[in-house]
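> Got a sequence here, can you build the structure:
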Amino acid sequence: MTLTRVLRAWLIILPAMIANGVVRELVIERFVGALAAEILSVTLGIAIIVVMTRYLLRPLAGRPVPEMVRASVTLVALTVAFEFLFGRYVDGKTWAELFANYELWNGRLWPVALAALAFMPFLWGRWALPEPRHAG
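Coordinates of the predicted model:
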């Protein structure tokens, strides 16, 4: 799976994950509070990741482990870079606020979603069937 395909997959997942975050901040938190909204949002985010990567990472099926590692590292690096750059320069958050999203010991669950994203290339690369080849 080429870097271009991984980038394309990430760009397809990105709007769904942004929408998840917007819904959490503008809607869910108002009704259930910050902690419950965090749990619901991370759960929904992981579901989005699992469902979307099932199809987007299908070309990894049966590929060598180093290729899955490259895909995993690329997806996580793109996500973290986007979160910090967008959060800092568009959303105006401080560096401390951005780093606080990674504090599992304070109940922040974002690292769980990142771990799920990191695992998907291995899940679909090892356990998914390769695309059928058509005789022609």
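> going forward, measure contacts between C-alpha atoms and count neighbours the same way
Noted.
> residues of the lengthiest helix in the chain that come out buried?
Counting by DSSP state H, the longest helix found in the chain is helix 65-89. In terms of neighbour count (16 or more other CA atoms under 10 Å), helix 65-89 has its buried residues at 67, 68, 71, 72, 74, 75, 76, 79, 84, 87.
> before we move on, what about stretch 51-63?
Going by 16+ other CA under 10 Å, stretch 51-63 has these buried residues: 52, 53, 54, 56, 57, 58, 59, 60, 61, 62.
> Name the surrounding residues that touch the helix or strand encompassing the third one.
Right, the one you point to is residue 54. Element membership for residue 54 (DSSP states H and E) is helix 34-56. With contacts defined as CA atoms under 8 Å, 6 or more residues apart in numbering, helix 34-56 is touched by 9, 13, 16-17, 20-21, 24, 28-29, 107-110, 112-113, 116-117, 120-121, 124.
> again, but for stretch 76-94
10, 95, 98, 114, 117, 118.
> want to throw these into CSV with neighbour count, secondary structure and distance to residue 41?
Listed next are those as CSV, based on neighbours: other CA atoms under 10 Å; DSSP: H, G, I helix; E, B strand; the rest coil; distance: CA to CA, whole Å:
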residue, neighbour count, secondary structure, distance to residue 41
10, 21, helix, 19
95, 11, helix, 22
98, 15, helix, 17
114, 21, helix, 13
117, 22, helix, 15
118, 20, helix, 18
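> Quick check: which ranges of the chain have low pLDDT?
Applying pLDDT under 70 to the chain flags the ranges 1, 128-136.
> Repeat the analysis, applying 50 as the threshold.
Within the chain, no stretch has pLDDT under 50.
> So which residue is smack in the middle of it?
residue 117 (4.5 Å; CA atoms, centre = their mean).
> Assign residue 92 to helix, strand or coil.
Residue 92 carries the three-state label coil when classified by DSSP: H, G, I helix; E, B strand; the rest coil.
> backbone phi and psi for it, please?
Per-residue torsions, residue 92: phi 70, psi 20 (degrees, to the nearest 10).
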